[in-house]
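> curious how this folds, go ahead:
(chains A, B, C and D)
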2 protein chains.
Amino acid sequence: MPRVSADHLEARRDEIVRAALRRFAENGFHATSVRDVISESGLSAGAVYSYFPSKAELIAAAVERILQRLTGALDAAVAGDADRSPTEDAAGVLRNVLPALEADGVDYTRIAVTAWAEALRDPAVRVIAEEVYGTVRRGLAQLVVRWRDAGHLPEDVDVEALAQVLLSTLMGFVVQHAVLGDVDLDRYATALALLLPRRSGA
Amino acid sequence: MPRVSADHLEARRDEIVRAALRRFAENGFHATSVRDVISESGLSAGAVYSYFPSKAELIAAAVERILQRLTGALDAAVAGDADRSPTEDAAGVLRNVLPALEADGVDYTRIAVTAWAEALRDPAVRVIAEEVYGTVRRGLAQLVVRWRDAGHLPEDVDVEALAQVLLSTLMGFVVQHAVLGDVDLDRYATALALLLPRRSGA
DNA sequence: CCTCCTAAATCGGACGGTCGTTCGTTGAGC
DNA sequence: GCTCAACGAACGACCGTCCGATTTAGGAGG
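Next comes the predicted model:
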């Protein structure tokens, strides 16, 4: 199949990443062998290695895909109507971001947790994680600023720290969903809404 | 060194677990070889294998140790004075639990994240995680009930779901501390306090 | 429009290294 | 001198990766 189109090459690469994601979601990065990914992809060892120079790069591509899917969904949730209440904002974020974490027949919350663990030891993965979560926290910080300016929070609120707390409510949902599997999005969102400011802060 | 005391045997086992924790915190479970643990412990392969029948059991012992340290700290924080405000309770939990996650020269937040990832693929580790986090959530649910009964929250609050949200604020701190490393406990606690109920709920 | 040629995409067996684990041996202490 | 904790070399399996052989899409020549 020589001299194929650039589209074909990109599609092949994508096939390989998606096959890798399926195996990685099942068994983690290190308990999944390159052979597993190869057989899941239906290709040969040589073909896979012509697209990715090493297993580490394959892992990095998988991590990048899942984390960027996350930022994309969050950006969409943060953008738009600027005068929503904190409760509406939070519900929007939860309902946009979390369902985006299940696609291609892969539970992306499992890969997210796996990716955090990998970021602890692989500097390249850590860099990807830092970039992505930096973006996410900036988005959440925008929400906090809006809430503050609308009088829901005190003027001297620590915007960055509160954005970290909000990110925690997302990350914690992801962990509990992936590991314990007994969290319900609607009940969770309702409970979270109880904590968000409703009148004036201070 | 035959016929040694039971104390000696238990201490040896503990030495091995702590050596394993040091290596696991650095490199994760699967990128750490049994040889790494053996050389870190200063013992021989045979000695380590006479205490743990397999690497999986060694991992399980490590996970159990870190997770039980967590429940211990939380139980201490939940117990005691029953008429504290939500803000005081939360500050107590954060300040008791999180510093407990750094001891023996090991950053336990790193192992916690690694343990979650492992729970996704090793049923034995998952069982340990379910038990421990079940206990933690019950403890947090007790706090929620107290807050509700004290009038800080509406009567019909979803206790279990709110306990999940509270657990998220702990888990999210752990992830951000381990992976991003830029969270400050005091600022985080202050920001969280802004969200907790202060007067009457509803 | 068909055939041939070529370059590149794909294949898959093989390689050295490292893995987790075993087991025959050693020697300190009761 | 007997017991058994501790040792560490050795084992088979499997790891990630490489590279020469094979296949085939698509341009060139008729």
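
> check the offset of stretch A:93-100 from the chain's centre.
Centroid separation for stretch A:93-100 versus its chain: 10 Å, with Cα atoms, centre = their mean, to the nearest Å.

> any residue of the helix or strand containing residue A:112 up close to DNA strand D?
For residue A:112, the host element (DSSP states H and E) is helix A:108-119. No. If you take Cβ under 7 Å from any atom of the strand as the test, helix A:108-119 misses DNA strand D, and the best it gets is 13.2 Å. Quick note: C-beta positions are derived from backbone N, CA and C, even for glycine.

> hmm, who's touching the helix or strand harbouring residue A:95?
Per DSSP H and E: residue A:95 is located in helix A:86-97. Residues external to helix A:86-97 that are found in contact with it (Cβ atoms under 8 Å, 6 or more residues apart in numbering or on different chains): A:70, A:73-74, A:76-78, A:84, A:140, A:143, A:146-147, A:152, A:166, A:169-170, A:173, A:185, A:188-189, A:192-193, A:196-198.

> same question for stretch A:52-71.
A:16-17, A:20-21, A:24, A:29, A:34, A:37, A:48, A:97, A:100-101, A:103, A:108, A:111-112, A:115, A:118-119, A:122, A:124-125, A:128-129, A:132-133, A:135-136, A:139.

> and stretch A:137-156, by the same measure?
A:71, A:74-75, A:78, A:82-83, A:85-86, A:89, A:93, A:157, A:159-160, A:162-164, A:166-167, A:197-202, B:194.

> and residue A:198, what is it in contact with?
A:85-87, A:152 are the contacts of residue A:198 under Cβ under 8 Å, 6+ apart.

> do the longest helix anywhere in chain A and DNA strand D meet?
The longest helix of chain A (DSSP state H) is helix A:123-149. No. Helix A:123-149 lies out of reach of DNA strand D by Cβ under 7 Å from any atom of the strand, never closer than 12.9 Å.

> can you show me the CA trace of the helix or strand following that helix as CSV?
Helices and strands here follow DSSP H and E; after helix A:123-149, the next one along the chain is helix A:159-175. In CSV, the C-alpha atoms belonging to helix A:159-175 read as follows (Å, rounded to 0.1, in the frame of the first residue of the first chain):
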residue,chain,number,x,y,z
VAL,A,159,-9.3,33.1,42.8
GLU,A,160,-6.5,30.6,42.1
ALA,A,161,-7.1,28.6,45.2
LEU,A,162,-10.9,28.5,44.7
ALA,A,163,-10.2,27.3,41.1
GLN,A,164,-8.1,24.5,42.6
VAL,A,165,-11.0,23.5,44.8
LEU,A,166,-13.4,23.5,41.9
LEU,A,167,-11.0,21.4,39.8
SER,A,168,-10.9,19.0,42.8
THR,A,169,-14.6,18.5,42.5
LEU,A,170,-14.1,17.3,38.9
MET,A,171,-11.0,15.2,39.7
GLY,A,172,-12.7,13.6,42.7
PHE,A,173,-15.7,12.7,40.6
VAL,A,174,-13.4,11.1,38.1
VAL,A,175,-11.5,9.0,40.7
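
> check whether helix A:159-175 contacts chain B.
Yes. If you take Cβ under 8 Å from any Cβ of the partner chain as the test, helix A:159-175 does meet chain B, through A:160-162, A:164-165, A:167-173, A:175.

> after that helix, next one along is what?
helix A:185-195.

> mind listing what's buried along that next one?
A:188-195 (16 or more other Cβ atoms under 10 Å in any protein chain shown).

> what angle sits between the helix holding residue A:95 and helix B:185-195?
110 degrees (axes from the mean of the first three to the mean of the last three Cα atoms, to 10 degrees).

> angle of helix A:86-97 against helix A:123-149?
Using the same axes, to 10 degrees: helix A:86-97 against helix A:123-149 is 150 degrees.

> what about the spatially most central residue of chain A, which helix or strand?
By Cα atoms, centre = their mean, chain A has its centre lying nearest to residue A:70, at 3.4 Å. Assigned by DSSP H and E, residue A:70 falls within helix A:55-78.

> any regions of chain A where pLDDT drops low?
Applying pLDDT under 70 to chain A flags residues A:1-5, A:199-202.

> intersect the buried residues of helix A:185-195 with the contacts of DNA strand C.
Within these, nothing lies near DNA strand C by Cβ under 7 Å from any atom of the strand.

> ok, those vs DNA strand D, which is closest?
residue A:188 (35.9 Å; Cβ to the nearest atom of the strand).

> which non-adjacent residue is nearest the closest one?
If the residues on either side of it in the chain are set aside, residue A:188 comes closest to residue B:161, at 5.6 Å by Cβ to Cβ, 6 or more residues apart in numbering or on different chains.

> for chain A, which residue gets nearest to DNA strand C?
residue A:46 (2.2 Å).

> now do stretch A:14-23: everything it contacts.
Against stretch A:14-23 from outside (Cβ under 8 Å, 6+ apart): A:32, A:36-37, A:40-43, A:48, A:51-52, A:58-59, A:61-62, A:65-66, A:104-106, A:111.

> redo that, cut-off 7 Å
A:32, A:36-37, A:40-41, A:43, A:48, A:51-52, A:58, A:61-62, A:65, A:104-106, A:111 (Cβ atoms under 7 Å, 6 or more residues apart in numbering or on different chains).

> give me the neighbour count for the closest residue to residue A:192 other than its chain neighbours.
Among residues not flanking residue A:192 along the chain, residue B:165 sits closest, at 5.1 Å (Cβ to Cβ, 6+ apart). Burial of residue B:165 is recorded as 27 neighbouring residues (other Cβ atoms under 10 Å in any protein chain shown).

> which among the contacts of stretch A:52-71 count as buried?
Buried among those (16+ other Cβ under 10 Å): A:16-17, A:20-21, A:24, A:29, A:34, A:37, A:48, A:97, A:100-101, A:108, A:111-112, A:115, A:118-119, A:122, A:125, A:128-129, A:132-133, A:135-136, A:139.

> picking that back up, can I have the buried ones of the contacts of helix A:86-97 as a ChimeraX selection?
To isolate the buried ones among the contacts of helix A:86-97 in ChimeraX, judged by 16+ other Cβ under 10 Å, type:
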select /A:70,73,74,77,78,84,140,143,146,147,152,166,169,170,173,188,189,192,193,196,197
